[in-house]
Structure formats: C-alpha cells, structure tokens
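> Got a predicted model here, sequence first, then my questions.
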Amino acid sequence: MKLQCEVEVINRMLPTFGMRNRGKGARAVLSIGRQPQCKTGGKSTAVYLMICTLKDKAGSKYKLQENIEQFFMKFVEEGKATVRLKEPAVDVCLSKANANILKTFLSAVRLANQGCDIDTLPLSSLTPAKTSEIEKPRMKMIITSKRDYPLTKNFPYSLEHLQTSYCKLARVDMRMLCLKKLRKLDLSHNHIKKLPATIGDLVCLQELNLHNNHLESFPVALCMSTLQKSLQCLDLSQNKIKALPIQFCLLQELVHLKLDDNELIRFPFKVGLLSKLRFLSAARNKLPFLPASFKKLSLESLDLFGNEFEQANPLVPSIQLTIPLTLLETASRATLNYRIPYGPNSVPAHLCEDLDVAKSCDCGNSCLGCFIQTTVTVNLHHVSHTVVLVDNMGGTEAPILCHFCSLTCYSLFLDKYLQSNR
C-alpha cells in the first residue's frame, strides 16, 4: 500500500543534545511492505514502513511490528496525522494527504504493528520511488505556442491554472474538462467557435478567459451549470457575440465581466440581477440602449465607449397597448404580480418562456405583450463609481429602456419628466 503526502520525520532525541528539527515537510511516498529477501535467502516476515523523498529516493525504512508507541489522528479529516515510533525515537508527521486514503493507510500500519497475518495486509514492494511519484503536484501550466501544446500525454490532474493561448485551437480540448481542481482557465487568442456544455462540470472554476476567439454565442447550459456558484471572472471580449441568453443572469457570483469588441445589440434584460458585479466593460459594440434593470447595478468601473446609442426621446413612445387587455395578458400579469408559482407541469412551455421575459413597469407591476415603451437618458455615474466616457464628446449618459403597464403609469412618468425639464 502507498500514500503520497508531505512528511516530516522529527527526531525526539535532538532537543536532548540542544539541536532543533528543521521543521519543514517534504513531498514523499510512503509504502508498507516486506524486505525482498532476508540474509538467509528466505522471505522476510518483518513489515516495514518506507519513506521515499526527492533527496532520498532509495527510502528510509522503519520496522512496524510492536514498534508504534502512539497514533495522533485528531486532524485526520484534514489529511493530517502523526505516527510515533519507539525505535528509532521519531515522530512521522503526515500532512496534505487524501483523508480517505490516509485512514486506510493508518489502519494497515496499525494492523502491522499488532503483528497480524501479513497475508491479510495490503503490502507493496519496498522499491525506490519514481521521481514522478515524489515531485510536488503541478498547479500551473502556461502554453503560448502550438508547438508546445501536449498531444500525446494528458494535462496533470493537479492543475489549478491552465493557459493555452496562441495554439490555434478550434475547439476546447476535452482533456481539460477532466481537471476537476481547475480554478483558472485561459483559452484566449485561439479559434474556438463553440463552447461545450461540459465546461460547467468544472466545479471549482472561478476565472474563464475566452478573449479573442470566434465565439458567436454563450451556451444556456453553462448558465444553468455549477458555474452559477463558482464563476467570478469572465472575459468574452473580441469575439462575435450578438446577444447573451436570458439565463446569463443566473451567474450571480460574477464580479468581473468583459464583453468588449463583440457585436452585442442588447444586454440580458435582467442584468440587474448580477448583484455582485463590480467591473463591467462592453466597449465597441452595437448597443442602441440599456435595459431598465441596468439601473439596479452597483459597479466600481463601467466602460461602454464606442457603442451606437440612440438618442433618448421619452416624448415619442412605442405604444403596444390594447384596451381592454387580452385574457392572456390579464392572466399573465396576475400570475406574476401575485407571485403564483408556475412551471411546465401547470403552464404550457411557451407561456413559461414568455413569463420569464416579462417586463417590469415603474410602478412595480409586470406586463407581457401589452405595454408602452420609451427610452430615457440616465447618467451612468448613478450606476458606477468610475465611468469611461461613452463617446468622444465627453458624455457619461446613455439611454435606458423603460416600460409602462398602462396609460396612467406613462402619464405619471411624463408629468415628472416635464416638471424636471422646465
């Protein structure tokens, strides 16, 4: 049986001679086994604990039977334990081990100490460890050219940061999606056109950089995945994205979002739900206006330079209001306003989709297909502490879309608007 972890062997006699232990663990492989041969040529019955490190690949051996004074296992769930030997007088301190493997390993050590039948023990051959077994797990890998890209061997499973830029990748390598510890994935400056839904299986992923690729959309499946709870930084700049899905606003852990140099014609209309978003840039797109929920954001930095914002004109609304309201509109408004639960089991799927994209009136009520729509100018400093100028004229204002559920609501808004502009 083998265990990979960090080990510190502390000699308990050193303080007697006024000496100190170095106090630092080393990456090691621990094995439980028998000596290949005893001096008489027969099989050895003694069971040993062998510790191999990078400096001592041949390993140091310690007899186990009736040689363990005490086990210290208070922090075994954290991958830590200590085995105190009688002869020599050392403490074998283990850390950074897999908790489940550590428990099994310590059970085998205990059985060996008690002199159990060696045939029942999961023994290993006491042979020198390989360098690959002892080396510290690789946490970071950066590849910036196609010739350095690994084709014949897998990425180290211990990776937490992987960058593969300028490698001309046409798709996401499925081997990357096996890296369950990955926190940062940088695929910038490639030729990726489509993202696989399985990126959502990277449960620890906090940063995803897709700058300068050929993406035309962001998958709904990723918005519905575990990325909802992990993804904090997303860079989709310099792609060909025209719109983000409604479900994008489910990524509520987002803090940094970059959408520069795309072909965006609209933001997700519920973008205001991204309550943790602090840094947003969507420069050089084709945004004509911002959604009403944009006013709910609380940003530290905002960059909307170079968009094709329309001139706001609250006095020229788009009226899509029918009087009296249709039965469908009345029922839909009641469902939303009274917060009546709905789903595909009780309401047809296409109606569920319509309810999910309902507009909100300034009065707080909802409306579906019957509303009055107009745009108003909003100073972006009300949304963000720092604002990059919207245009070359030094402006920091942008048009925001507003909806009204009735003529009464629109009239009240119009009265306030006219009074404020007198």
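The structure has been received and is ready for your questions.
> Settle this for me: T104 is touching I32, isn't it.
No: look at T104 against I32 with Cβ atoms under 8 Å: they stay out of range, at 10.7 Å. For the C-beta atoms, the positions are set from N, CA and C on the backbone; glycine is no exception.
> what about the lowest-mean-pLDDT helix or strand in the chain, distance to the chain center?
Confidence across the helices and strands of the chain bottoms out at helix 131-134, with a mean of 72, counting by mean pLDDT, DSSP states H and E. Remark: helix 131-134 is offset 29 Å from the chain centroid, using Cα atoms, centre = their mean, to the nearest Å.
> buried residues in that helix?
Residues of helix 131-134 classed as buried under the neighbour-count rule (16 or more other Cβ atoms under 10 Å) are I134.
> Who has more neighbours out of T104 and I32?
Shown here are T104 and I32; by other Cβ atoms under 10 Å, I32 has more neighbours (23 against 13).
> so who does the spatially closest residue to that one that is not a sequence neighbour touch?
The shortest distance from I32 to any non-neighbouring residue, by Cβ to Cβ, 6 or more residues apart in numbering, is to M1 (5.0 Å). Counting by Cβ atoms under 8 Å, 6 or more residues apart in numbering, M1 makes contact with S31, I32, T104, F105, A108, L121, P122, L123, S124.
> Kindly recompute the last result at 10 Å.
30-33, 101, 104-105, 107-109, 112, 121-124 (Cβ atoms under 10 Å, 6 or more residues apart in numbering).
> now, which of these lie within helices?
The helices, defined by DSSP state H, take in I101, T104, F105, S107, A108, V109, A112 from these.
> List only those of those flagged as buried.
Judged by 16+ other Cβ under 10 Å, buried ones among the ones in helices among the contacts of M1: F105, A108, V109, A112.
> Surely P324 is in contact with S406?
No: if you go by Cβ atoms under 10 Å, P324 and S406 don't touch, sitting 11.4 Å apart.
> Show me which parts of the helix or strand H350 falls within are buried, residue by residue.
Per DSSP states H and E, H350 falls inside helix 349-356. Within helix 349-356, the residues that count as buried by 16+ other Cβ under 10 Å are L351, L355.
> ok, the following helix or strand past that helix: who's next to it in the sheet?
For helix 349-356, the following helix or strand on the C-terminal side (DSSP H and E) is strand 359-360. Each strand paired with strand 359-360, and its direction, by DSSP bridges: strand 366-367 (antiparallel).
> which residues touch the partner strand?
320-321, 325, 329, 332-337, 355, 358-361, 373, 403-406, 409.
> Show me how to select, in ChimeraX, the buried members of those.
This is the ChimeraX syntax for the buried subset of the contacts of strand 366-367, where burial follows 16+ other Cβ under 10 Å:
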select :321,325,329,332,333,335,336,355,358,359,360,361,373,403,404,405,406,409
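> Which ones among the contacts of strand 366-367 map onto strands?
If you go by DSSP state E, the contacts of strand 366-367 have Q320, K359, S360, Q373, H403, F404 in strands.
> T16 and A89: what is the separation?
Noted for T16: a distance of 10 Å to A89, by Cβ to Cβ, to the nearest Å.
> er, C5 actually
Taking Cβ to Cβ, one finds C5 at 22 Å from A89.
> who has more neighbours, these two?
Using other Cβ under 10 Å as the criterion, C5 and A89 rank with C5 on top: 21 against 14.
> sorry, back to before: out of the contacts of M1, flag the one nearest to E253.
I101 (31.4 Å; Cβ to Cβ).
> Report the contact partners of that closest one.
I101 sits next to M1, K2, L3, Q4, C5, G79 when contact means Cβ under 10 Å, 6+ apart.
> joint contacts of T104 and I32?
M1, L3, P122.
> I'd assumed I372 was in contact with I319.
Yes: with contact defined as Cβ under 10 Å, I319 counts as touching I372 (5.3 Å).
> joint contacts of those two?
F404, L407, Y410.
> Tell me where the stretch 301-422 of the chain is predicted with low confidence.
422 (pLDDT under 70).
> so who does E78 touch?
Applying Cβ under 10 Å, 6+ apart, the residues contacting E78 are S95, K96, A97, A99, L102.
> Tell me the pLDDT of it.
Note on E78: pLDDT of 93.
> now the helices: where do they sit in the protein?
Going by DSSP H, the chain shows helices at 99-113, 131-134, 220-223, 227-230, 327-337, 349-356, 407-420.
> ok so, going back, can you name the residues in contact with the helix holding H350?
Outside helix 349-356, the residues that reach it (Cβ under 10 Å, 6+ apart) are 246-247, 270, 328, 331-333, 335-336, 340, 342-348, 366, 368-369.
> Now the buried members of the residues you listed.
Q247, K270, S332, R333, T335, L336, V347, S366, L368.
> Now for those: which two are most distant?
Greatest spatial distance in the buried ones among the contacts of helix 349-356: Q247 and R333, 22.9 Å, computed using Cβ to Cβ.
> closest to F218 among the contacts of I101?
G79 (37.4 Å).
> Return the residues in contact with the closest residue to the closest one other than its chain neighbours.
In space, and not counting its chain neighbours, G79 is closest to A97: 4.2 Å by Cβ to Cβ, 6+ apart. Residues near A97 by Cβ under 10 Å, 6+ apart: 3-7, 30, 76, 78-81, 103, 105-106.
> ok, so of the residues you listed, who is nearest P156?
Using Cβ to Cβ, the contacts of A97 come closest to P156 at Q4, 13.4 Å.
> Just the pLDDT for the closest one.
Q4 is given a pLDDT of 87.
> Can you name the residues bridging to it?
Residues in beta-bridge contact with Q4 (DSSP bridges): V29.
> export the helices of the chain to a markdown table and tack on distance to P291?
Below are the helices of the chain laid out as a markdown table (distance: least, Cβ to Cβ, whole Å):
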| stretch | distance to P291 |
| --- | --- |
| helix 99-113 | 47 |
| helix 131-134 | 53 |
| helix 220-223 | 17 |
| helix 227-230 | 20 |
| helix 327-337 | 17 |
| helix 349-356 | 14 |
| helix 407-420 | 17 |
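> For F289, find the nearest of those helices.
Here helix 407-420 is closest among those (Cβ to Cβ), at 16.4 Å.
> Mind giving me the packing neighbours of the closest one?
Other helices and strands packing on helix 407-420, by 3 or more Cβ pairs under 10 Å, 6 or more residues apart in numbering; DSSP states H and E, are strand 371-379, strand 397-404.
> mind saving the C-alpha coords of the first one as CSV?
This points to strand 371-379. Output of strand 371-379 as CSV, limited to C-alpha atoms (Å, rounded to 0.1, in the frame of the first residue of the first chain):
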residue,chain,number,x,y,z
PHE,A,371,-47.1,48.0,-22.7
ILE,A,372,-45.8,51.4,-23.6
GLN,A,373,-42.1,51.6,-24.3
THR,A,374,-39.7,54.5,-24.4
THR,A,375,-36.2,55.5,-23.6
VAL,A,376,-34.8,57.9,-21.0
THR,A,377,-31.3,59.3,-20.5
VAL,A,378,-29.5,58.2,-17.4
ASN,A,379,-26.2,59.5,-16.0
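> Kind regards, and thank you for your time.
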